[in-house]
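Visitor: how would this look folded up:
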Amino acid sequence: MAISFLDNKKKGILTLISAVLINLLTGNLFSFPNFIPYYKSFLYYRNGKIEEVSDKQLYYVAPVGIFIHNTLPSVTGLLDQMLGTRILYIIGSISLLISQLLIYNFIDYYIIIISYILFGLCGSFTYFQSLKNCWKYFPDKKGLISGIIFSSFGLSAFIFTSLGDYLINPKDDQKNKDGYYSEEISEKFLTYIKVFIICIISMGTISCILCFPFKEESIKENDNSENNEINKDVSVTDNGNFENENHYSVEIKEEAKKEENEELTLKESLLSLDFFLCLAVAGCTLFYGFLLTNTYRNFGSRKFPKNETELKYLSKAFTLLNTFSRLVWGFIFDKIGFKILYIIVCLNQLICGGLIYSSSTNIVAYFIVVCFGVLSYAGHIILFPNLIHHKFGVDNSVVILGICGIFGGISALIGPVLTDIIENDKDYLKTYLIGVAPTIVSLLVTLFIKDEKLKKNKDISMEEEEDV
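Guide: This is a model prediction of the structure:
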């Protein structure tokens, strides 16, 4: 077997860089709600100053992509095993490029929906696959790896929202009396899309090149070489301590293999009570998180039409907190575990969901409540996947996260359905209260989730041995 000039550590670092780049692209899926006021104005002028697409219709665009992004990883995880992570990166990058070319060239509403289906498809090909691949390269730093990858995904919205605001409306011009931006500002939306297309081509290409699917053989080769070095040292020094250390390392490996054999199979994991508890948490917590992400900018624009600058700062603060708080959540998770932190996530979300409408009478209060609200969303994004791979094992995690993602995706779609009750500003109160209510379920269910690795029932195996 030919020896690569890149050792496993270097491949792992390059693969992590690759994962960061691809997630910087796919995370832009969550930027669309920030551009709804611009895009609505763009469509208004392109359709001859006739409003053919409403706010409610545009609320569905990002959630459709999020639904695809969350529901397909269980399927694309199987493709990952057959084709490899790099091939999925290539397919995902192509689908993302096509999605933005559709946005650039067409204004039909259903074409827009198709474009974001392709956007979500890109995420389903790369999101959990990039995480799992990097977990295998850095098995002792899963919390840190999760924080880096998920933070890059969250940072995307900050980068591209800031870029879009700068390209489209650099002077913070207000809407006109009809509720639209000027035609000159609206047309610059295409400039932003053009820049994003360039980013897809350049960053997507680099990401595909730097991605190295994890191979078990390389680890085995390194282990063999390390064992050979130990044997050489033992033969030269004839020191019994080396033999003891070598014997001790063998015992550790045997113990690790024994623990691996005690892990539940995928079928056993899916039939466990813990899996169904996790399903409930996945959908209920994200319901309000997706609703907040999808509506806070447009609701703020309706309540504070003269505070365009402050709303742009809010979008930046929202995405920065969504990004960097993930690193903090991941760091604290490694220290104190899941349950206490997730209870904090639920309680914070209940408070923010209950206060967001009343805070909309003051821009500062609204700014604070929205920013605290996103902390719970970011907390779930970090804590939940780490809980899944801790309880069910790395090999089962992608499929299980994909199945849980189905419930998360459904929650993303229910949010826009809920906005159908909105006829005036006061209807947002009902929307947010209904949206945050499922968090109570998450809080109660969390109390019953055990923050420990699921293993085969040892009592049953011991009884079987006694019978024999």
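
Visitor: which ones are touching Ser301?
Guide: 37, 175, 308, 311 (C-beta atoms under 8 Å, 6 or more residues apart in numbering). In short, each C-beta sits where N, CA and C put it, glycine included.

Visitor: How about residues contacting the strand or helix carrying the first one?
Guide: According to DSSP states H and E, Pro37 maps onto helix 32-46. Contacts of helix 32-46 with the rest of the structure, by C-beta under 8 Å, 6+ apart, involve 50-53, 55, 58-59, 61-62, 65, 107, 116, 157, 161, 164, 168-169, 175, 180-181, 183, 185-187, 189-190, 192, 293-298, 301, 315.

Visitor: Pull that helix out as PDB, backbone CA atoms only.
Guide: The C-alpha trace of helix 32-46 is given here as PDB (Å, rounded to 0.1, in the frame of the first residue of the first chain):
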ATOM      1  CA  PHE A  32     -33.400  34.400   3.700                       C
ATOM      2  CA  PRO A  33     -35.900  35.700   6.400                       C
ATOM      3  CA  ASN A  34     -33.600  38.700   6.800                       C
ATOM      4  CA  PHE A  35     -34.000  39.500   3.100                       C
ATOM      5  CA  ILE A  36     -37.700  39.100   2.900                       C
ATOM      6  CA  PRO A  37     -38.400  42.900   2.900                       C
ATOM      7  CA  TYR A  38     -35.800  43.400   0.100                       C
ATOM      8  CA  TYR A  39     -36.900  40.400  -1.900                       C
ATOM      9  CA  LYS A  40     -40.600  41.400  -1.600                       C
ATOM     10  CA  SER A  41     -39.800  44.800  -3.000                       C
ATOM     11  CA  PHE A  42     -37.700  43.200  -5.800                       C
ATOM     12  CA  LEU A  43     -40.700  41.000  -6.800                       C
ATOM     13  CA  TYR A  44     -43.100  44.000  -6.500                       C
ATOM     14  CA  TYR A  45     -41.200  46.000  -9.200                       C
ATOM     15  CA  ARG A  46     -40.500  43.000 -11.400                       C
END
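
Visitor: what's the next secondary structure element after it?
Guide: helix 55-58.

Visitor: In the chain, what helix or strand scores lowest on average pLDDT?
Guide: Of all helical and strand segments in the chain, the minimum by mean pLDDT, DSSP states H and E falls on helix 458-467, at a mean of 44.

Visitor: in stretch 184-194, what's buried?
Guide: By 16 or more other C-beta atoms under 10 Å, the buried positions in stretch 184-194 come out as 185-186, 188-190, 192-193.

Visitor: Please point out which parts of stretch 27-47 sit buried.
Guide: 27-46.

Visitor: Now do the strands in the stretch 101-250 of the chain.
Guide: Assigned by DSSP state E, counting those that start in this stretch, the strands in the stretch 101-250 of the chain number zero.

Visitor: State the pLDDT value of the closest residue to Glu51 other than its chain neighbours.
Guide: Nearest residue to Glu51, sequence neighbours excluded (C-beta to C-beta, 6 or more residues apart in numbering): Tyr44, at 5.8 Å. What the model reports as pLDDT for Tyr44 is 91.
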